[in-house]
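Peer 1: fold the following.
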Amino acid sequence: MKLTLENLKDNYLILIIKIFIAFLFIFNLTNAILKITDHYDVAYSFSESKIADYFYITTRFSYLRPVIISLLPFIGVFIKRKIGWILIQSYFYFLISNLVFMVIKDDLIDNDLIFFYVISFSILFLIIILMNKKKISKLNYGIKKEELTSKNIIAFILGMLITLILLLIKAN
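Peer 2: Alright, predicted model coming up:
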């Protein structure tokens, strides 16, 4: 019992981040399922081929897109190697870049909206800083201090790539 408690005390930061990622994945999955079933109930409830209709809804509409994106860090939670850290970190870079595009798109005249964006950006930036701490990067994922910059660049590029792909999909 004492060994587990000491382990928990040493790794509480990464545990909080992993629980947060799991919560986001479950939230996105539940939200997508509810949207798909609502769409089916409104548009296709009298159809005879229910499986084909559900398949049509999932392929034609973007209800599952957030689930697919949040699947990357969710997979990274279970991989205790460098690739797991990169997947988790790239998700937070994706969220920051997505937030930046939202700020550029929106008119920032509302003080509440400005406050929301500042708080959101600060929380995401704090998580990125925490993921770069030696306790998490070195001890949990085996990333040496010398490798941290290159792994961050890879995660940043992956996060930006996801954002750009989503922007291109939304534009078409």
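
Peer 1: which helices and strands sit right next to the longest helix along the chain?
Peer 2: The residue-count maximum for a helix in the chain (DSSP state H) belongs to helix 12-43. Applying 3 or more Cβ pairs under 8 Å, 6 or more residues apart in numbering; DSSP states H and E, one finds that helix 12-43 makes contact with helix 50-60, helix 65-78, helix 82-105, helix 111-131, helix 134-137. In short, each C-beta sits where N, CA and C put it, glycine included.

Peer 1: next, the angle helix 12-43 makes with the longest one.
Peer 2: Relative orientation of helix 82-105 and helix 12-43, computed by axes from the mean of the first three to the mean of the last three Cα atoms, to 10 degrees: 60 degrees.

Peer 1: mind listing what's buried along helix 82-105?
Peer 2: In terms of neighbour count (16 or more other Cβ atoms under 10 Å), helix 82-105 has its buried residues at 82, 84-99, 103.

Peer 1: which residues sit against it?
Peer 2: 17, 21, 69-70, 72-73, 75-79, 117, 120-121, 124-125, 127-128, 131, 136-137, 140-143, 147, 151-152, 154-156, 158-160, 162-163, 166-167 (Cβ atoms under 8 Å, 6 or more residues apart in numbering).

Peer 1: distance between it and the chain's centre?
Peer 2: 7 Å (Cα atoms, centre = their mean, to the nearest Å).

Peer 1: what angle separates that helix from helix 65-78?
Peer 2: For helix 82-105 against helix 65-78, the angle by the same axes, to 10 degrees is 150 degrees.
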